[in-house]
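S.K.: quick one, structure for this:
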Amino acid sequence: FAKFSAIGALSSSHSRPFDASADGFVMGEGAGALVLKRLSDAINDDNQIYAVIRGIGASSDGRGKGITAPSELGQERAILRALNQASWSPDMVDYVEAHGTSTKVGDATELAVLGKIHSTRISKLGVGSIKSQIGHLKSAAGMAGLLKVIECMKHRMITASAGFSSPNPTVDWNSIPLEIISSNRAWSAQNEDGILRAQISSFGFGGTNW
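M.R.: This is a model prediction of the structure:
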């Protein structure tokens, strides 16, 4: 707490990712677990399948500007590697569960990267962050985002990012095809195959991006 407070990373009130009033994150506590299995084995064993992980991408920008400074290049590399492994084009993604820490610089950097990657979209791409609801779980933050997306897929409903009312003014929202999910909405597939597809980001303190 002392370290994060000293660098101005903590909010005194609430975690509001991508909002004009975002002033830092709220630390949370939690853990999660998944049962992973090859898709072919799960089908053969007649298991209940909640979601399929099609691609994973990683990068390290530890040689960047500093331990707390986000790197656009590092984030972009991780996301594009995941999409490439999944054999997806960016336009196939229905929703992005962002890292969304509720810091002005971090949020603006992440939105800039997402806007660049999804620049060819015609319709707006929904973005959210579970940190608005349960805080930043630090080493378990990525797991929390993944579990949220799986639950949203299960219920075919995208839950809102809490506390979002006014967009971050440092972001040129007119130039990026993104919108923050500010109220719960039904999740319908954007693709003709009817499959729900999500992109999840988890950027580690110190330069490790997933």
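
S.K.: C-terminal to the worst-scoring helix or strand of the chain on mean pLDDT, what's the next element?
M.R.: Least confident helix or strand of the chain, by mean pLDDT, DSSP states H and E, is helix 2-6 with a mean of 82. Under the assignment DSSP states H and E, the closest C-terminal helix or strand after helix 2-6 is helix 39-44.

S.K.: next, the one residue sitting closest to the centre of the chain: phi, psi?
M.R.: For the chain, the residue nearest the mean C-alpha position is Ala98 (1.7 Å; C-alpha atoms, centre = their mean). Main-chain torsions, Ala98, degrees, to the nearest 10: phi -80, psi 170.

S.K.: list the contacts of it.
M.R.: Residues in contact with Ala98 (C-beta atoms under 8 Å, 6 or more residues apart in numbering) are 17-18, 110, 114, 127-129, 201. C-beta coordinates here come from the backbone N, C-alpha and C atoms, glycine included.

S.K.: cool, Gln85 as well?
M.R.: Gln85 sits in contact with 54-57, where contact means C-beta under 8 Å, 6+ apart.

S.K.: and which of those residues is nearest to Ile134?
M.R.: Nearest to Ile134 among the contacts of Gln85: Ile56, at 23.1 Å, using C-beta to C-beta.

S.K.: secondary structure class for the closest one?
M.R.: coil (DSSP: H, G, I helix; E, B strand; the rest coil).

S.K.: contacting residues around the spatially closest residue to it that is not a sequence neighbour?
M.R.: Among residues not flanking Ile56 along the chain, Ala82 sits closest, at 5.7 Å (C-beta to C-beta, 6 or more residues apart in numbering). Applying C-beta under 8 Å, 6+ apart to Ala82 gives the contacts 55-57, 199.
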